[in-house]
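**Q** missing the sequence, but the structure's below:
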């Protein structure tokens, strides 16, 4: 169920990935003051599907929740596009947040290529890695970047 049909329709996985990439690119532009998502609650295409006895939160809901948790009040400190890889860096309080993604391609990336300016050893345990919907992942020295953003959060060590 959706107000549109055809090629513009995507599955829930892609809806979440596109939402995150849209927001991340808007943040990177430095030209956006506010972003609104149409429509939070709607059957078939909202971030929350209200059909049936109870409302169901879609993956895009959790993708937006993750973006809000990581980037609210943050200052964007850098953006880089290296071939198919996008890297957005931000600071918020004592945290540095780095988002990494591609446009639906997969590429293996050495994490040190975008965490090179961090002021401590990534293996020291002060970096947490989160997937598109906020799920915590294990830190590794290489990742497979894809259309699903990965977030690296580092607590600054003073």
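**A** Sure thing, it's come through. Small disclaimer: the values here were computed from a predicted structure and weren't measured.

**Q** for stretch 112-122, what does the pLDDT average out to?
**A** The average pLDDT for stretch 112-122 rounds to 66.

**Q** cool, stretch 13-27 as well?
**A** Stretch 13-27 comes out at a mean pLDDT of 95.

**Q** grab the longest helix from this structure for me.
**A** For the chain, the helix reaching the highest residue count under DSSP state H is reported as helix 12-29.

**Q** quick check: next helix or strand after that helix?
**A** Toward the C-terminal end, the helix or strand that comes next after helix 12-29 (DSSP states H and E) is strand 48-49.

**Q** just the residues contacting that following strand, thanks.
**A** 40, 41, 42, 43, 55, 56, 57, 58, 61 (C-beta atoms under 8 Å, 6 or more residues apart in numbering). Using the backbone N, CA and C atoms, a C-beta is placed for each residue, glycine as well.

**Q** before we move on, what about stretch 54-72?
**A** With C-beta under 8 Å, 6+ apart as the criterion, stretch 54-72 contacts 12-13, 15-17, 19-20, 23-24, 27, 37, 41, 46-49, 90, 92, 97, 99, 130, 132-134, 149, 151, 153.

**Q** change it to 6 Å
**A** The contact list for stretch 54-72 (C-beta atoms under 6 Å, 6 or more residues apart in numbering) reads 12, 15-16, 19-20, 23, 47-49, 90, 97, 132-134, 151.

**Q** so which bits of it are buried?
**A** 58, 59, 60, 61, 62, 63, 64, 66, 67, 70, 71 (16 or more other C-beta atoms under 10 Å).

**Q** hmm, back to that, can you list contacts of the longest helix of the chain?
**A** 32, 35, 58-60, 63, 67, 76, 79, 88, 99, 132, 147-149.

**Q** same check, this time on stretch 137-150
**A** So stretch 137-150 is contacted by 17, 20, 85, 99-102, 104, 106-111, 127, 129, 131-132 (C-beta under 6 Å, 6+ apart).

**Q** try it again with 7 Å
**A** Residues from elsewhere that reach stretch 137-150, judged by C-beta atoms under 7 Å, 6 or more residues apart in numbering: 17, 20-21, 24, 85, 99-104, 106-111, 122, 127, 129-132.
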